[in-house]
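**Student:** test case, fold it:
(one chain, ligands or ions: 1)
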Amino acid sequence: MDLETIIKKGVLSQEAYPAVDLPCRIKLDANENPYPLSPSLTRLIFDRLQSVSLNRYPAPGSPALRAAFARYYGVKEEMILIGNGSDELIHILLTAAGPSSHSCVLFPTPTFAMYGISALNTGHRIVEVPLDRRLDLDMDAMLAAITDARPSLIFLSYPNNPTGGCFDRRGMERIIEASSGLVVVDEAYGNFSGKTFLGDLDRWDNLVILRTLSKVGLAALRLGILIGHPSLVRQLNKVRLPHNVNIFSQVVGGVFVERSAEFLEPVERIIAGRKWLSDELMAIEGITPFPSDANFILFSCVTGKDAVYEHLVERGVLVKNFTSPDSLVNCMRVTVGTAEENREFIETLRGIVQGE
Ligand SMILES: Cc1ncc(COP(=O)(O)O)c(C=O)c1O
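**Tutor:** Numbers count the residues shown, from 1 in each chain. Sure thing, here's the model as predicted:
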């Protein structure tokens, strides 16, 4: 068997997604919500799950959840597609689009790794445009790439993972207007920025928004929501696997919509924790945090970054370490944890940097 002739070049050229699974006391590497569900929400969920029929397939297309999220976001049902995490929705978009010799997928870098991975896996050519020095969109380069490469899909993470900030809104509007392809605004961290393009769906038919429940306490469910033009959603539904969302996630997603205020209670605490963490990081010599609108902070570490990371791991504190792209070689990303976790992370980091 010659896999070189069987497997796509885009797949052969990649390494598998570098999912780190190190044992740790304090897990601040995956941008999760650190707070467990309240006992009353847990009870309600278990009550609801009792009536689930495990011998039946889950409803194809998650119709009840689709209707619930349409109400939640104030849009028509035909504009909603529910996915097994927004990762799956990214994959569905890329499977449905192109690829063709004269189109490509465009995104700024650094950004969320799955845009590039899924694009290569689905046979697309990718065009990456580095962010400018302020970690915002390089508008001249983005607009030139749109003209030259005519991307069928552009991904903009808003706020951007891993840099943390929201791109300039006017710049994003210019990109949506300049593009004849789809512009996917990925609002995975939208609850922490308070900024959204949800109110702008009527302005552009090529605007697609992604949301997820993963960052607001329900990462284990794998529930993502795509909101876009009904004609696009109709096409994407042909690509979606029939039973892509399991019954537990469909039921619990419905509970989220019913009781969203309770689920979203930790958001304010996380935003306060972000401010505290950022101030404390700033006060450590050799460490520079970047401004964040998300539930994580990117920070640079001028000397011995990899050794600092290894020491953090040895002491049971897991953050995300970057070795590429070049602009991130001195950087790590820490998720905002509970007040206790944040304090322990800062004390451990300070101790390591000061050679204790
Ligand atoms: C920008 C961005 N989009 C999407 C995702 C994936 O979210 P989900 O858990 O819904 O697949 C992540 C996860 O970290 C992310 O950072």
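
**Student:** what pLDDT is listed against whichever residue of the stretch 1-150 of the chain sits closest to the ligand?
**Tutor:** For the stretch 1-150 of the chain, the residue closest to the ligand is residue 85, as judged by CB to the nearest ligand atom, at 2.8 Å. From N, CA and C alone the C-beta is placed, and that goes for glycine too. We have a pLDDT of 98 for residue 85.

**Student:** surely it touches residue 214?
**Tutor:** Yes - using CB atoms under 8 Å, residue 85 is in contact with residue 214, at 6.4 Å.

**Student:** common neighbours of the two, please.
**Tutor:** 222, 223, 224 (CB atoms under 8 Å, 6 or more residues apart in numbering).

**Student:** most neighbours among the residues you listed, please name it.
**Tutor:** residue 223 (27 neighbours; other CB atoms under 10 Å).

**Student:** quick check: bridge partners of that one?
**Tutor:** residue 84 (DSSP bridges).

**Student:** please renumber the chain so that the first residue is 28 from this point on.
**Tutor:** Noted, 28 is the first residue going forward, which turns the last one into residue 250.

**Student:** and the stretch 178-327 of the chain, which residues reach the ligand?
**Tutor:** 184, 188, 213, 215, 239, 241, 251 (CB under 6 Å from any ligand atom).

**Student:** now, which of those sits nearest residue 51?
**Tutor:** Residue 51 has its nearest neighbour among those in residue 241, at 19.2 Å by CB to CB.

**Student:** which ones are touching that closest one?
**Tutor:** So residue 241 contacts 59, 112, 113, 215, 248, 249, 250, 251 (CB under 8 Å, 6+ apart).

**Student:** mind redoing it with 7 Å?
**Tutor:** By CB atoms under 7 Å, 6 or more residues apart in numbering, residue 241 lies in contact with residue 112.

**Student:** please name every helix or strand in contact with the lowest-mean-pLDDT helix or strand in the chain.
**Tutor:** Lowest mean confidence among the helices and strands of the chain (mean pLDDT, DSSP states H and E): helix 36-39, at a mean of 90. When contacts are defined as 3 or more CB pairs under 7 Å, 6 or more residues apart in numbering; DSSP states H and E, helix 36-39 sits against helix 140-148.

**Student:** what residues sit buried inside the helix it packs on?
**Tutor:** 141, 142, 143, 144, 145, 146, 147, 148 (16 or more other CB atoms under 10 Å).

**Student:** looking at the residues you listed, which is nearest residue 135?
**Tutor:** residue 142 (9.8 Å).

**Student:** number of residues surrounding residue 36?
**Tutor:** 10.

**Student:** same question for residue 333.
**Tutor:** With other CB under 10 Å as criterion, residue 333 counts 13.

**Student:** what of the one 5 residues further on?
**Tutor:** Residues lying near residue 338 (other CB under 10 Å) number 16.

**Student:** quick check: closest non-adjacent residue to it.
**Tutor:** residue 379 (4.4 Å; CB to CB, 6 or more residues apart in numbering).

**Student:** next one: residue 303
**Tutor:** residue 369 (6.3 Å).

**Student:** quick check: the gap between that neighbour and residue 323.
**Tutor:** Remark: distance between residue 369 and residue 323 (CB to CB, to the nearest Å) = 12 Å.

**Student:** settle it for me: which of the two has more neighbours?
**Tutor:** For the pair residue 369 and residue 323, the greater number of neighbours falls to residue 323 (28 against 21), based on other CB under 10 Å.

**Student:** what about the strands in the stretch 128-277 of the chain?
**Tutor:** 132-136, 153-157, 180-184, 209-213, 234-239, 250-254 (DSSP state E, counting those that start in this stretch).

**Student:** which stretch among those strands comes nearest residue 319?
**Tutor:** strand 180-184 (12.7 Å).

**Student:** one step back: and which of the buried residues of helix 140-148 is nearest residue 228?
**Tutor:** residue 142 (21.0 Å).

**Student:** for the residue lying closest to that closest one once chain neighbours are set aside, grab the count of nearby residues.
**Tutor:** Leaving aside its sequence neighbours, residue 142 sits nearest to residue 182 (CB to CB, 6+ apart; 4.3 Å). The number of residues packed near residue 182 is 27, by other CB under 10 Å.

**Student:** so what sits opposite residue 182 in the bridge?
**Tutor:** Bridge pairing for residue 182 - DSSP bridges - gives residue 211.

**Student:** distance of it from residue 188?
**Tutor:** 11 Å.

**Student:** name the residues contacting each of those two.
**Tutor:** residue 138.

**Student:** where exactly do the helices run in the stretch 78-227 of the chain?
**Tutor:** Secondary structure of the stretch 78-227 of the chain, counting by DSSP state H, counting those that start in this stretch: helices at 90-100, 112-123, 140-148, 166-176, 196-205, 217-220.

**Student:** my read is that residue 150 contacts residue 34, right?
**Tutor:** No - between residue 150 and residue 34 there is no contact under CB atoms under 7 Å: 11.2 Å.

**Student:** the two: who's more crowded?
**Tutor:** residue 150 (15 against 11).

**Student:** need phi/psi at residue 164.
**Tutor:** Torsion angles at residue 164 (phi, psi; degrees, to the nearest 10) stand at phi -70, psi 140.

**Student:** buried residues, stretch 269-279. List them.
**Tutor:** 271, 272, 273, 274, 275, 276, 277, 278, 279.

**Student:** now swap in stretch 361-375 and tell me
**Tutor:** Under 16+ other CB under 10 Å, the buried positions of stretch 361-375 are 361, 362, 363, 364, 365, 368, 369, 371, 372, 373, 375.
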